[in-house]
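[1] Build the 3D model from these lines:
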Amino acid sequence: MKRQILIVKGIVIKDTKLLMVQRKHPDVKFDGLWELPGGKVDLGETLEDACVREVAEEAGIVCSSEKIIIDNYKNYSESECTGNHLVIIPVKCNYISKIENPIPDHNVKDVKWIPLNEVKSLNLLGGTLEMLKDFI
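    This next block holds a predicted model:
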């Protein structure tokens, strides 16, 4: 059964570098693509809290939410990846610290701080550049 899923993506910039995660996915079309850390908003969770949680889970980074970037949201009425209706909202976050001995996320191959001027050269998940249009 198809569902509507609300997703947040964290935009965390530290020293002119952007926090990015490399996706691990069973579909070769999506495996290895770079994207912003993030994920599904749980029932009853705020967008800000979901983003802070997801950045910690996927990237091992403690951050605080600064601003929901609603103008840069993405809407996929039928996601190529899941077939569901996805609404993806970017959230600007502030870096606080790295989590000591984070538990690796099963959906992430790699986590890197990418210089802002190199982000466009990565093999990015669709919609990522549009969410970052105010930052790179």
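[2] I am assuming residue 32 contacts residue 23, so please confirm or correct that.
    Yes. With contacts counted by Cβ atoms under 8 Å, residue 32 reaches residue 23, the gap being 6.7 Å. Quick note: C-beta positions are derived from backbone N, CA and C, even for glycine.
[3] what do these two both touch?
    In the contact map built from Cβ atoms under 8 Å, 6 or more residues apart in numbering, the residues linked to both residue 32 and residue 23 are residue 109.
[4] Tell me which of the two has more neighbours.
    residue 23 (19 against 14; other Cβ atoms under 10 Å).
[5] Who are the contact partners of residue 124?
    So residue 124 contacts 33-35 (Cβ under 8 Å, 6+ apart).
[6] buried stuff in stretch 29-42?
    In terms of neighbour count (16 or more other Cβ atoms under 10 Å), stretch 29-42 has its buried residues at 33-39, 41.
[7] next SSE after the longest strand that the chain contains?
    Secondary structure of the chain read by DSSP state E shows that its longest strand is strand 85-98. Sequence-wise, the next helix or strand downstream of strand 85-98 (DSSP states H and E) is strand 108-115.
[8] Who are the packing partners of that next one?
    The contact analysis (3 or more Cβ pairs under 8 Å, 6 or more residues apart in numbering; DSSP states H and E) places strand 108-115 against strand 17-23, helix 47-59.
[9] can you rerun that using 7 Å?
    Secondary-structure packing of strand 108-115 (3 or more Cβ pairs under 7 Å, 6 or more residues apart in numbering; DSSP states H and E): strand 17-23.
[10] where in the protein is pLDDT low?
    The model of the chain has pLDDT under 70 over residues 77-82.
[11] For residue 20, grab the count of nearby residues.
    A count of neighbours around residue 20, defined by other Cβ under 10 Å, yields 22.
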